[in-house]
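> Need a 3D model of the sequence below.
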Amino acid sequence: MSERARTKAMTQDTSVGTVQPASTGLPPFDMRGKKVLEVGCATGLDLTHGAYAEAAERCGIDIDAKAIETGRALYPTLDLRVAKGEAIPFRDGYFDAVLSRIALPYMDIPTALSEMYRVMRPGGYLFASWHDWEGRREWLIDPIRGLTWKRSVDSIYIAVASVTYRLLGRILPRPWNGTRETFQFRNHIPRILARAGFVNVTCERSQHHLRTTARKT
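Predicted structure coming up:
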């Protein structure tokens, strides 16, 4: 599911009171007293989970202005802003932890990771989840098998962009609208994070995603 589709679903479900904060894939860090940023937060719903209840600050950014507007109305204790992960509107070294759940795959990853690193304090924590090649393979192949030409073209773009990023370190945008999307390879993520300056990198595979933790030097 794209970030836009996820945002739309969360916004609609929240309006009828059926959505709960994500209870899976929580960062393995104690958030008490910490300043936390979620990149790609949609309405900010996940930041209302009890794991963040004692955080000093809970902030989120998303490119979807409507989702941020909804989140501000629903969760006034959160600091939610319209912004891209490639241009985070906070000062250097501000956060103790930066989170990103399935948002990085839709960004220019090197630039976004550089920004996340910048806004983290030394010793701060990163928690991110990514589209996994192993989990996305059937999703990419199915539209080609079904001869759905739009999905087929987009699947080819995602595969080419992903492989190009792995080989050349550069993510090609979609020629027709300039957006980006990639999946990742498990053995490549530690290199991506190390290149951005992170250390103590872990990477594990869940059912459909790769989950990583790291720290700023």
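
> What ranges does this protein have for its strands?
35-39, 57-62, 79-82, 95-101, 120-131, 198-205, 209-216 (DSSP state E).

> Looking at the ones you listed, spot the one closest to residue 27.
Closest approach to residue 27 among the strands of the chain (CB to CB): strand 120-131, 3.8 Å. Every residue, glycine included, has its C-beta placed from N, CA and C.

> Run the angle between the closest one and strand 198-205 for me.
20 degrees (axes from the mean of the first three to the mean of the last three CA atoms, to 10 degrees).

> thinking again about what came up before, so can I have CSV of the strands of the chain showing distance to residue 158, mean neighbour count and mean pLDDT?
As requested, the strands of the chain are arranged in CSV below (distance: least, CB to CB, whole Å; neighbours: other CB atoms under 10 Å; pLDDT from 0 to 100):
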stretch, distance to residue 158, mean neighbour count, mean pLDDT
strand 35-39, 21, 24, 98
strand 57-62, 21, 23, 98
strand 79-82, 26, 18, 98
strand 95-101, 19, 24, 96
strand 120-131, 9, 21, 96
strand 198-205, 19, 15, 94
strand 209-216, 15, 22, 94
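
> Turn the ones you listed into JSON lines, including distance to residue 180.
JSON lines is the format used below for the strands of the chain (distance: least, CB to CB, whole Å):
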{"stretch": "strand 35-39", "distance to residue 180": "15"}
{"stretch": "strand 57-62", "distance to residue 180": "16"}
{"stretch": "strand 79-82", "distance to residue 180": "19"}
{"stretch": "strand 95-101", "distance to residue 180": "14"}
{"stretch": "strand 120-131", "distance to residue 180": "12"}
{"stretch": "strand 198-205", "distance to residue 180": "21"}
{"stretch": "strand 209-216", "distance to residue 180": "17"}
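
> Indicate which one of these is closest to residue 160.
It is, among the strands of the chain and with distance given as CB to CB, strand 120-131, at 14.8 Å.

> Could you list the residues in contact with that closest one?
25, 27-29, 93-102, 104-105, 116, 182-184, 189, 193, 198, 206, 208-217 (CB atoms under 8 Å, 6 or more residues apart in numbering).

> just the CA coordinates of that strand, formatted as CSV?
Taking C-alpha atoms only, strand 120-131 is exported to CSV below (Å, rounded to 0.1, in the frame of the first residue of the first chain):
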residue,chain,number,x,y,z
MET,A,120,19.2,13.4,15.5
ARG,A,121,21.3,14.1,18.5
PRO,A,122,24.6,12.1,18.8
GLY,A,123,23.8,8.7,20.1
GLY,A,124,20.2,9.0,18.9
TYR,A,125,18.2,6.1,17.6
LEU,A,126,16.8,5.3,14.2
PHE,A,127,14.0,2.8,13.6
ALA,A,128,12.8,2.2,10.0
SER,A,129,10.8,-0.4,8.1
TRP,A,130,11.2,-1.0,4.3
HIS,A,131,9.6,-2.9,1.5
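
> Perfect, that will be all.
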